[in-house]
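Student: Take this sequence and fold it.
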Amino acid sequence: MSPTNATGLRPARVGARKTYSPFVRRCVLVSATAILTLSTSIAALVSPASADSPSGMAVSVVRAKRECFSDTVRVTGTVVPKEELQVRPDVEGARVAQVLIADGESVTAGQALARLSRLQGTNAPASSLTVSAPAAGTMGRIMTQVGAMASMAGPPMFLIIVGGEFELLAEIPSTRIGKIAVGQPARVDVVGVGVFSGQVRAVSPEINIASQTGHARISLGTDPRLKMGAFGRATVEVGTSCGTSVPLSAVLFGPLGSVVQVVRDNRVETRPVPIGLLAGGNVEIKQGLSVGDLVVKRAGTFLRENDRVRPFIDDEASAER
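Tutor: Here you go, the predicted model:
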C-alpha cells in the first residue's frame, strides 16, 4: 500500500499523469471563478467611462415655445337699459282710471299705456286723458296704479326701455380702467340667465373718489330673458401679446424675483425671467429665454446651478397647441 503525504494525496509515479480528487478540482474551479469576477469588477471601477455614457440626475424638461396670450380685465356689474324714457301725463288734476300695459311687454310708439279720469272742478281736454308711449321699446317698470293721482310734475308713471336694448353697467378698478376702450369685445355671464357676447359701448371719464372705481357700459342686445337689476360678470379682452412661453410649474418665485432653470450642455443654468400674462397653465416670458430652450419642467427639484443632469423631453408639454 502506497504512503500518502500531508495533503492526503497519493503521490504520482514518475512519468505518470497527475490526477486529483473531485474535491480538489471543485476548489480550484471556484477559486478561478472568484478571481475572474473580482478582476472584472476592478477593471470596471478603474477604467474611464465612455464619453457617450449618461451621467447626472434624470430630469424632465420642456421646450420653450411661442404662444399668444389674451390680456383681459374681469369686472362685475348690473343689467340696465341702454336708453330709458320716463313717461308722465300731459295734464294736471287727473286720476288713473285704467292701466293698459304690463311689465316686460313690448310697446310701439304712440301706443296707449293708461287712461285717466277728470277730477271734479277740472276741464282737461279729452285728448290729454290718454297716456301714450313716446317711443317703441319694452315696458321696464310700471310706477302707477288705478286710482293714483297723475301729475306732470310728479314721479313718472312708466319707464320704457327704448328698443328693448340692455347693457351691463360695470364697475372697474381705477388701476385697470386705463386698459378699457370703446369697441373691445367682452364675454358677459348674467347670473341665472346665461352667457352673452358683448362690446364696450362707453367708458365713464370719472373715478369715484371713495371707491376708486370707474364705470363702463357693455352692450348686451335685446334678449327678452334680460331683466333690469340682474347681476353679471364680464371678461373684457383688452389686447393680445405674443412671445415665449413655458408651463407655470417651470417658474420659481423667490426674493430676487422669478427664475427658470435652463438645461444647456447637460448642465443647469438659473436665469432670471420677468413674466407677463397667464393662460391655460402657461406663462409668458418677457425676456431671458428663447424659443426652443430646454427648461426644467418642475423648477426647484433638488437642482442647483451647474449641476450635471440627463434631460428627458416631455413631448406632451412641449407640443404646440
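Student: Phe158: how many residues sit nearby?
Tutor: Using other C-beta atoms under 10 Å, Phe158 has 23 other residues around it. For the C-beta atoms, the positions are set from N, CA and C on the backbone; glycine is no exception.
Student: Would you confirm that it contacts Gln145?
Tutor: No - judged on C-beta atoms under 8 Å, Phe158 makes no contact with Gln145 at a distance of 11.7 Å.
Student: what does stretch 271-291 rub up against?
Tutor: 63-67, 69-71, 241, 243-249, 251, 256-262, 295 (C-beta atoms under 8 Å, 6 or more residues apart in numbering).
Student: Where do the strands of the stretch 151-300 of the chain begin and end?
Tutor: Counting by DSSP state E, counting those that start in this stretch, residue ranges of the strands within the stretch 151-300 of the chain are 158-162, 166-173, 185-190, 194-203, 213-221, 231-247, 251-254, 257-264, 267-272, 275-279, 282-285, 294-296.
Student: Dump the ones you listed into CSV; add distance to Pro311 and mean pLDDT as well.
Tutor: Shown next, in CSV, are the strands of the stretch 151-300 of the chain (distance: least, C-beta to C-beta, whole Å; pLDDT from 0 to 100):
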stretch, distance to Pro311, mean pLDDT
strand 158-162, 63, 95
strand 166-173, 43, 95
strand 185-190, 40, 96
strand 194-203, 43, 95
strand 213-221, 47, 95
strand 231-247, 14, 93
strand 251-254, 18, 88
strand 257-264, 5, 92
strand 267-272, 10, 92
strand 275-279, 23, 88
strand 282-285, 19, 93
strand 294-296, 6, 94
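Student: Let me know which of those is the nearest to Gly104.
Tutor: strand 158-162 (9.5 Å; C-beta to C-beta).
Student: Can I get stretch 216-223 in PDB, CA atoms only?
Tutor: Taking Å, rounded to 0.1, in the frame of the first residue of the first chain, the C-alpha atoms of stretch 216-223 are listed here in PDB:
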ATOM      1  CA  ALA A 216     -68.200 101.200 -18.400                       C
ATOM      2  CA  ARG A 217     -71.200 100.200 -20.300                       C
ATOM      3  CA  ILE A 218     -71.100  96.800 -22.200                       C
ATOM      4  CA  SER A 219     -73.900  96.200 -24.700                       C
ATOM      5  CA  LEU A 220     -75.900  93.000 -24.400                       C
ATOM      6  CA  GLY A 221     -78.600  93.300 -27.100                       C
ATOM      7  CA  THR A 222     -82.300  92.700 -26.900                       C
ATOM      8  CA  ASP A 223     -82.700  89.300 -25.400                       C
END
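Student: what comes up buried for that stretch?
Tutor: Within stretch 216-223, the residues that count as buried by 16 or more other C-beta atoms under 10 Å are Ala216, Arg217, Ile218, Ser219, Leu220.
Student: coming back round to it: format the strands of the stretch 151-300 of the chain as JSON lines; extra columns: distance to Arg310.
Tutor: Compiled in JSON lines, the strands of the stretch 151-300 of the chain are given as follows (distance: least, C-beta to C-beta, whole Å):
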{"stretch": "strand 158-162", "distance to Arg310": "68"}
{"stretch": "strand 166-173", "distance to Arg310": "48"}
{"stretch": "strand 185-190", "distance to Arg310": "45"}
{"stretch": "strand 194-203", "distance to Arg310": "48"}
{"stretch": "strand 213-221", "distance to Arg310": "53"}
{"stretch": "strand 231-247", "distance to Arg310": "20"}
{"stretch": "strand 251-254", "distance to Arg310": "21"}
{"stretch": "strand 257-264", "distance to Arg310": "9"}
{"stretch": "strand 267-272", "distance to Arg310": "11"}
{"stretch": "strand 275-279", "distance to Arg310": "28"}
{"stretch": "strand 282-285", "distance to Arg310": "24"}
{"stretch": "strand 294-296", "distance to Arg310": "12"}
